[in-house]
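Peer 1: any chance you can model this:
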Amino acid sequence: MNKALFSLILIFSFLIFSCDKKKSFYDDYEECDYSNCISVEPYYADLRISFSRTAENPNPKIYVMRGFFENQNFIDTICTDSLEDYLFYAELFVPLNYNYTLAAEYFVDDDTIWVIDGKYVYKKFYYECDSTCWNTYNTNFNLKLKY
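Peer 2: The predicted structure follows:
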């Protein structure tokens, strides 16, 4: 009897001290980080297009196509001479959920060199606590000339 009572006391004391403190409803929201949360669903993306400026090519032309390069579905041309000379990137707003191909035309000696980059630009959502947040993906294009 004494042994059974001691076992019961030991089991109950183990259960009492092993329980975690219950969180309140507001504790979950204190841990939420909404600083990077874009709660409005995007329909357009801002493409950041890096390119090279050289002595032979101070202002390369950039062609923007929807789809693949072979289709030649031109939607825009970026004339980099309208940008400041110290900028080595351009930005362009385009609708999401399409394949885009960008091509920069460079001239080296008597040759024309094309630098091409293509990606599927899309959006995706995730949950941050009780909010739906949105991100856009594949928005950086590299059209830098490599020697």
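
Peer 1: drop to CA atoms for contacts and neighbour counts, all remaining ones
Peer 2: Fine.

Peer 1: quick one, helices of the chain?
Peer 2: 2-18, 27-30 (DSSP state H).

Peer 1: hey, least reliable of those by pLDDT?
Peer 2: Lowest mean pLDDT within the helices of the chain: helix 27-30, a mean of 55.

Peer 1: count the neighbours of Asp109 for me.
Peer 2: Other residues lying near Asp109 total 7 when counted by other C-alpha atoms under 10 Å.

Peer 1: flag the shaky bits of this structure, pLDDT-wise.
Peer 2: Scanning the chain for pLDDT under 70 picks out 1-30, 147.

Peer 1: that one: strands as residue ranges?
Peer 2: Assigned strands in the chain, in chain order: 44-51, 61-66, 74-79, 89-95, 98-108, 111-128, 131-137, 140-143 (criterion: DSSP state E).

Peer 1: need those in CSV with mean neighbour count and distance to Glu31, can you?
Peer 2: Shown next, in CSV, are the strands of the chain (neighbours: other C-alpha atoms under 10 Å; distance: least, C-alpha to C-alpha, whole Å):
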stretch, mean neighbour count, distance to Glu31
strand 44-51, 18, 29
strand 61-66, 20, 41
strand 74-79, 14, 44
strand 89-95, 15, 34
strand 98-108, 19, 36
strand 111-128, 15, 10
strand 131-137, 16, 13
strand 140-143, 19, 31
